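Asks: Next comes the sequence, and after it the predicted model I'd like to discuss.
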Amino acid sequence: MKILMTGASGSVGSRLLMQLNANKAGEEVFLYEHDARKKDISAFGSKKDFDAVVICHGGHKSEVAELFESNAISIARDLRDYAKVLKKDGCIIVLSSRRGILPTVKEWNYSAAKAALRAYCIALYKDRPDLRITCLCPGWLESNQAKAAKIKSVISMRDLADAILSIIRCKTMRIPEIVIEPIGDAQYG
């Protein structure tokens, strides 16, 4: 299985990449480092060669405009281009956040950016019935940020990688959105 991944140099992306590579289930993960100035994915050719594109760039920025650019606008701008490298039954998985559904008070700007990304993904899902696109909205991930916030129930990178691979392998249906939470965390339901 061939997977194109963006954002593998970030804190979540780099650990997710290690976990995807550790699964040893035949996945080949190719990296595409997103650069807002370079809007061309042609380095991978126009051939529809990938089973999936996993979009994992974003992050926390101090300025609202930068935060929206990295967490919503740049991803939305490039989503249609990512579809160009997919096999017919391939899929795009956009890593968003549960905070785009359940905003947090202290990070309203991050929550708003993730909500915008989620809305765009669902709109694209409805607009393109030929495209398998899933907005994956995890709760707190195993990270330094979760440790600093003293979050006890977190999603491991292994579980996140397993969720992504399950979506990729599920070729008989389209899944617009998945919210995943660690056991013991009942904020969504």
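Replies: Sure, I can see it. Small disclaimer: the values here were computed from a predicted structure and weren't measured.
Asks: Could you use CA atoms for every contact and neighbour count after this?
Replies: Will do.
Asks: got the buried residues for the longest strand along the chain?
Replies: Across the chain, the strand with the greatest residue count (assigned by DSSP state E) is strand 86-95. Along strand 86-95, the positions that meet the burial threshold by neighbour count (16 or more other C-alpha atoms under 10 Å) are 86, 89, 90, 91, 92, 93, 94, 95.
Asks: I'd say the fourth one and residue 51 touch.
Replies: Right, the one you point to is residue 91. Yes. Proximity of residue 91 to residue 51 meets the contact threshold set by C-alpha atoms under 8 Å, at 6.5 Å.
Asks: you'd agree residue 30 is in a strand?
Replies: Yes. According to DSSP: H, G, I helix; E, B strand; the rest coil, the state of residue 30 is that of a strand.
Asks: Can you tell me how far it is from residue 113?
Replies: Distance check for residue 30 against residue 113: by C-alpha to C-alpha, to the nearest Å, it reads 27 Å.
Asks: Name the residue in those two with the higher neighbour count.
Replies: Set side by side, residue 30 and residue 113 show more neighbours around residue 113, with 25 against 16, by other C-alpha atoms under 10 Å.
Asks: Secondary structure element holding the more buried one?
Replies: Secondary-structure element containing residue 113, defined by DSSP states H and E: helix 108-127.
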